[in-house]
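S.K.: could you work out the structure for the sequence below:
(one chain, ligands or ions: 1)
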Amino acid sequence: MAEESLIRNRFKGFYYAFKGALLLLRTESSIQVQFCISILITAAGFYFGISPIEWISQTLAIGLVMGIEGVNTAVEKLSDYIQPDRDPKIGFIKDISAGAVMFAAIAASIVGLIIYVPRIF
Ligand SMILES: Nc1ncnc2c1ncn2[C@@H]1O[C@H](COP(=O)(O)OP(=O)(O)OP(=O)(O)O)[C@@H](O)[C@H]1O
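M.R.: I've put the predicted structure just below:
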């Protein structure tokens, strides 16, 4: 019985996570832009015939950027909900959350440059 409800809870958790991913894709322009870039980069991967290790690096980079961008979006929404007015503490929280996205984006850009610059130039 307990095991059954554990499995049901896992399925529910997966359902909510899937719903959240769709919400991000449907409502957030930053995620939509990153999703389009991910599709283009994936197409580039097929076009240039990148190696398995390059596919792994590229897939991890895409997941890292989109995942952290999703968390950053959640931080922004939560911040606006708990403090709709201007507040330096909220400004700091939003800035460091955006900074986390930048770390991931820089790392992903480096991965992209390492994979594609030698193939293009
Ligand atoms: N409530 C706030 N108090 C202080 N600074 C804020 C606040 N909201 C946003 N900021 C500052 O603005 C930056 C961008 O925040 P955010 O991406 O939420 O956009 P916004 O300024 O709220 O406008 P919009 O939501 O229309 O894009 C933050 O990183 C922070 O520096």
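S.K.: for V33, give its distance to A104.
M.R.: Distance, V33 to A104, using C-beta to C-beta, to the nearest Å: 14 Å. Heads up, the C-betas are built off the backbone N, CA and C, glycines and all.
S.K.: which one's more surrounded, those two?
M.R.: More crowded of V33 and A104, by other C-beta atoms under 10 Å: A104, with 18 against 11.
S.K.: quick one: the more buried one from I62, how far?
M.R.: Plainly put, A104 is 10 Å away from I62 if you go by C-beta to C-beta.
S.K.: check the secondary structure at K89 for me.
M.R.: helix (DSSP: H, G, I helix; E, B strand; the rest coil).
S.K.: give me the pLDDT value at it.
M.R.: pLDDT for K89: 97.
S.K.: so what's the closest residue to the ligand within the chain up against?
M.R.: Closest contact between the chain and the ligand, by C-beta to the nearest ligand atom, is at G91 (2.8 Å). The contact partners of G91, by C-beta atoms under 8 Å, 6 or more residues apart in numbering, come to none.
S.K.: which residues does the spatially most central residue of the chain contact?
M.R.: Centrality entry for the chain: nearest residue to the mean C-alpha point is M66, 1.1 Å, by C-alpha atoms, centre = their mean. With C-beta under 8 Å, 6+ apart as the criterion, the residues that contact M66 are 31, 34-35, 38.
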